[in-house]
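Asker: Here is a sequence with its predicted model. Questions after.
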Amino acid sequence: MILIFVFGLFFALEGKQFKGIERLPDSYDMRKARPGVLGPIRNHERCNAYWAFAASTVFTARYNIKCHANITHSVQDLISCDLSDNACIRGNGKDTLDWIQKVGITDERCFIYTSWTGHVTKCIQMCHNGSNIVRHKYSNITYYNSPDDAMYSVMNEGPVVMNFPVDSTFEKYSGGVYAPKNAQFVEVREAALIGWGNENGQRYFIGQAHYGEKWGEGGYFRLSRNLSNDMDFYAGTPKCN
């Protein structure tokens, strides 16, 4: 693999793993750095497919950045068609990214979100508008070795999927820097990592959630970086077609 040195950073031409020489900035926010790239804030309502929302959000932004597009990808396509996960009950973000690499994901106009009721629609053979289904894929998947590697990727390639521990207070989050209060985590959730910051010495990640715009901080949340040892980060490189 050929490496290029630019402005204090080594970048791999194949692109997915790179190591910073200079430290990361104290703060970064994709909403300001790349306005219009992130898809809309969505609300899962009665379908707890956190894995699918995170995966579709990350793919949408990365595809739009790399392919100079303006598409929102279908969360319903993953919920209904991804055989490696369990629809509205539970899923695994890593399996989902593998599914997108092998099978792909279509756009929201083709397969709109219907599982807000908790009912899982069958996988479609034609788009809702009668056109043929076109699915976009990842060419490769990257599992980041450290939060810093994931954060460099957010700056250069787009958001990454992060999974993180939560307790029962997370769904009632209304602002501030979140950290589970209960040492016995209830479960692991997944969301799109879109930035980070520092508030009075308290470092945090910025995540895009899927509880609607009235939840949290306009649909987003800040997560304590002290949880990094209990987190995983992963994403892929979209094919443009």
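Answerer: On my side now, so go ahead. Numbers count the residues shown, from 1 in each chain.
Asker: Looking at the chain, which strand is longest?
Answerer: Looking only at the chain and at elements set by DSSP state E, the strand with the highest residue count is strand 187-199.
Asker: Give me the phi and psi angles of Tyr143.
Answerer: phi -110, psi 110 (degrees, to the nearest 10).
Asker: Need the nearest residue in space to it, chain neighbours excluded.
Answerer: Tyr234 (4.7 Å; Cβ to Cβ, 6 or more residues apart in numbering). (Each C-beta comes from the backbone N, C-alpha and C, glycine too.)
Asker: Which strands and helices lie in contact with the helix or strand in which Val58 is found?
Answerer: According to DSSP states H and E, Val58 maps onto helix 50-67. Counting by 3 or more Cβ pairs under 8 Å, 6 or more residues apart in numbering; DSSP states H and E, the packing neighbours recorded for helix 50-67 are helix 75-81, helix 93-102, strand 160-166, strand 187-199, strand 232-238.
Asker: can you do 10 Å?
Answerer: helix 75-81, helix 93-102, strand 138-143, helix 147-156, strand 160-166, strand 187-199, strand 202-208, strand 232-238 (3 or more Cβ pairs under 10 Å, 6 or more residues apart in numbering; DSSP states H and E).
Asker: now the longest one against strand 232-238, angle please.
Answerer: Direction vectors for strand 187-199 and strand 232-238, defined by axes from the mean of the first three to the mean of the last three Cα atoms, to 10 degrees, enclose an angle of 90 degrees.
Asker: so which of the helices and strands packed on helix 50-67 gets nearest Ser27?
Answerer: With Cβ to Cβ, the closest approach to Ser27 among the helices and strands packed on helix 50-67 belongs to strand 187-199: 4.1 Å.
Asker: low-scoring pLDDT stretches of the protein, where are they?
Answerer: 1-22, 183-185 (pLDDT under 70).
Asker: mind checking how far the helix holding Val58 is from the chain centre?
Answerer: Its chain's C-alpha centre and that of helix 50-67 lie 6 Å apart, by Cα atoms, centre = their mean, to the nearest Å.
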